[in-house]
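Q: The sequence isn't on hand, but the structure is:
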DNA sequence: CACTGTTCCGAAATCGGTTACGGTACCGAT
DNA sequence: ATCGGTACCGTAACCGATTTCGGAACAGTG
């Protein structure tokens, strides 16, 4: 069954496509009788407007492009879910691409999205990306871009991020409030702003409690893996005065550290408290359950798409684009791994 | 900066759009000199063909729609990742939607995808879906549909699924090979074909080892949750002759069961072996690590999109559509939770 | 009867490309 | 000089809708 066009309806009724179009979109200049006739035959012929023809005429794709480093990641799944819920409510759709944390591929997919046609772009930069010329090029073609999570100050665009500083600060003060005094930190690679903020939050919390910053209590991940967490935990335990608490840059590192601690015969949280970051589902499932800092992924997706849709509308109204910079709070989830048992 | 059109180039050069078009698409009827001139000015004016105009003329969207019940799920993330990698290599893009396991919403999003324009659809049915009239309607509009994971025999379409029967069979025979003889099963809701196949595989494995099927060793989940796993584990332990091994319909149930076992003072795998299904990342991270049956999510995405793209091509060539039904093997991942320790 | 004003619809431009078709100019061959 | 052939380019139809403009038909008024 072929899809009926305006002309098909017009020919069967002996009128022109203009009349049919007017009838279907209840325009003023149409008689009630012909309107009814057109509507009836349109229904009968299973008419549906051709998406491309409408969009070409309207100069609107009704599509936003999304670029994330990796879809197979609970945080990004959350973000995407938030994006979809917002944009679909306004009749937009989501074109999804992943960069696989590759700068090359990020350029390629943004170019592909531009070529295939989108009204705007939501981008989380790859870890490799330092130059944002490819995104600036998109902006010059009047394509609004909103960055989230991994952002770059080199681009004049709206941004939505987690408050990594505050999340880290809250996590460490939580440990300090429990009475732990020697808090170690396994930090992430130096480059991404997120991990730098977490490190800064760690230091600020120590300073707020008048505790010294001890470099031997800080290790820097390269791969941000399970194995690295375990290795650094062993390194910390081998110190003359080992730490009594650990703030890990992300949950997988925290879990690796906990595995190593168990193998060394140390109990969590009695001998060492542990708190992670990202609040993966696994944190609630393991024993002891792991405290973590939850990132508002779904909300990041929502707010970022709201900003983008607003900019798309402003562009259509030929108003100047307003950029906003949102910083959404992280919330610490206190579980067993960081709760100091009451000492009798 | 506005995007240049063919007419812009044509006017600045004093030729017609046809000439420009031919030059850009290296058509035969064009002189080398004008071709060079056109290419140069096109470059200078940052010309890029308007996606909608091309697609309208070509009658190809270069887009496939994807509908999954829930994006925030590692299995579906894997599938989507596989889909994207395949279709992007052929110049297609992915429009993503989720049904939230709602029949109503599944209908709504498929209608939206049809209205917005796609060349084909990859669908994983929601748990609520029994009637597939909405998908059959799409097929009548010459829109190829490929089902994956959650399928329905009521639709004449290609399908790609995991071999749940074989995965379950392998999991249970693995337990039996280890010497466990009283294997329990926590099954999923009765409706989805997947969980029925897993139950069937469980029964077939018992039968192959001449073991009796004991109804008291089978429990049926409703919410398929962590909590249900724990509750059923306690129920099993309260039996006069408790089971010594457990095959859970999915990992979260297995983890819930293991938590309850630990609280009851039972050791895994010494007192009870456990194997799950889906092979979530958490299985490798916890202690003891959890054996599980891995579903080939990425491959399902790849194969399903290959089938869909082939059908799209067949439709374009006006050939009859060939439907295929692929069943991809699941692979068991043996870890600590199901390895019977060597008894000295 | 002429004039004005509605009401309703058709003609045509438009969005930005693609492509079949036709025509001009120029070549060499007869 | 005429013809056939080729190279190159313009004209225009086309994809399927939206929307402006103008005109026909008809009613009402002076």
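A: Perfect, thanks for sending it. Everything numeric here is computed off the predicted structure, so don't read it as measured data. Numbering: from 1, shown residues only, chains lettered A, B, ... in the order given.

Q: CA only for contacts and neighbour counts going forward, please
A: OK.

Q: which residues does the closest residue to residue A:335 other than its chain neighbours contact?
A: The spatially closest residue to residue A:335, leaving aside those adjacent along the chain, is residue A:291, at 4.5 Å (Cα to Cα, 6 or more residues apart in numbering or on different chains). Under the criterion of Cα atoms under 8 Å, 6 or more residues apart in numbering or on different chains, the contact list for residue A:291 reads A:274, A:275, A:276, A:279, A:283, A:332, A:333, A:334, A:335, A:336, A:337, A:338.

Q: any idea how far residue A:82 is from the third one?
A: When Cα to Cα, to the nearest Å is applied, the distance between residue A:276 and residue A:82 equals 24 Å.

Q: More neighbours: these two, which one.
A: Each of residue A:276 and residue A:82 has its neighbours counted (other Cα atoms under 10 Å in any protein chain shown); residue A:276 has more, 29 against 20.

Q: what's the distance between that one and chain B?
A: Counting by Cα to the nearest Cα, to the nearest Å, the gap from residue A:276 to chain B is 14 Å.

Q: quick one, phi/psi of the residue nearest to residue A:335?
A: phi -70, psi 150 (degrees, to the nearest 10).

Q: so which strand or helix has the residue in the stretch 51-200 of chain A positioned nearest to DNA strand C?
A: Nearest to DNA strand C, among the residues of the stretch 51-200 of chain A, is residue A:57, at 3.8 Å (Cα to the nearest atom of the strand). Per DSSP states H and E: residue A:57 is located in helix A:51-58.

Q: With the flanking residues excluded, which residue is spatially nearest to residue A:234?
A: Nearest one to residue A:234, counting by Cα to Cα, 6+ apart, is residue A:260 at 6.6 Å.

Q: count of residues packed around that neighbour?
A: Residue A:260 has 21 neighbouring residues, counting by other Cα under 10 Å.

Q: what number of residues lie near residue A:335?
A: Residue A:335: 16 neighbours (other Cα under 10 Å).

Q: List the residues that contact it.
A: Neighbour list for residue A:335: A:289, A:290, A:291, A:292 [criterion: Cα under 8 Å, 6+ apart].

Q: gap between the second one and residue A:112?
A: Spelled out, it's residue A:290. Residue A:290 is 41 Å from residue A:112, where distance means Cα to Cα.

Q: Check the third one too.
A: According to Cα to Cα, residue A:291 stands 41 Å off from residue A:112.

Q: again, but for the last one
A: Between residue A:292 and residue A:112 the distance, using Cα to Cα, works out to 37 Å.

Q: Just want to know which of those two has more residues nearby.
A: A direct count of neighbours by other Cα under 10 Å for residue A:292 and residue A:112 places residue A:292 higher, at 31 against 18.

Q: pLDDT weak spots in the stretch 1-150 of chain A?
A: Across the stretch 1-150 of chain A, the ranges flagged by pLDDT under 70 are A:1.

Q: can you map out the strands along it?
A: Secondary structure of the stretch 1-150 of chain A by DSSP state E, counting those that start in this stretch: the strands cover A:63-68, A:93-98, A:120-123, A:145-148.

Q: now the stretch 201-344 of chain A
A: Using DSSP E, counting those that start in this stretch, strands in the stretch 201-344 of chain A cover A:218-220, A:245-248, A:273-278, A:291-294, A:325-328, A:331-333.
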